[in-house]
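Student: Below is the sequence, then the predicted model.
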Amino acid sequence: METVDKKNLIEALQKGEVVVTFKKIKTEEIRVMPCTLNPEVLKAIGIDTTVENQAPESAQIVCWCTDKNAWRSFIADTVISWEVLG
């Protein structure tokens with residue numbers, strides 16, 4: 001994934017909820033993950049921790065997984081697609 005694409009994905013995560021489709025490294029399973037970094041969404045579900053600075057140059061992207069209710073990360077180069085919800 002290009003740096004500019006990662007930057008766009010991180011910005012979308014910070015603004016709201018995004019569905020990211022990626023391939024897991026160990027199992028090669030395709031995972032469809034609804035996730036967010038939006039502080040308002042996190043606060044509404046009782047999460048006080050936020051990730052404010054995530055470098056687009058980083059290989060991993062950290063986010064709150066809304067279907068597992070837990071912090072997760074994925075390797076940016078394994079992303080197949082992503083779309084903004086709502």
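Tutor: That came through, no problem. In this text, all values refer to a predicted model and were calculated from it rather than measured experimentally.
Student: On the three-state scheme, the residue nearest to the spatial centre of the chain is what?
Tutor: In the chain, the residue lying closest to the centroid (CA atoms, centre = their mean) is residue 63, at 4.3 Å. The three-state label for residue 63, taken from DSSP: H, G, I helix; E, B strand; the rest coil, comes out as strand.
Student: from what I can see it touches residue 79, true?
Tutor: No - under the criterion of CB atoms under 8 Å, residue 63 makes no contact with residue 79, lying 11.8 Å away. All C-beta atoms are positioned from the backbone trio N, CA, C, and that covers glycine.
Student: list residues touching both of those two?
Tutor: Counting by CB atoms under 8 Å, 6 or more residues apart in numbering, the contacts common to residue 63 and residue 79 are residue 20.
Student: before we move on, back to that, what's near enough to touch the residue nearest to the centre of the chain?
Tutor: Applying CB under 8 Å, 6+ apart, one finds that residue 63 lies in contact with 13, 18, 20, 35, 36, 37, 51, 71, 72, 73.
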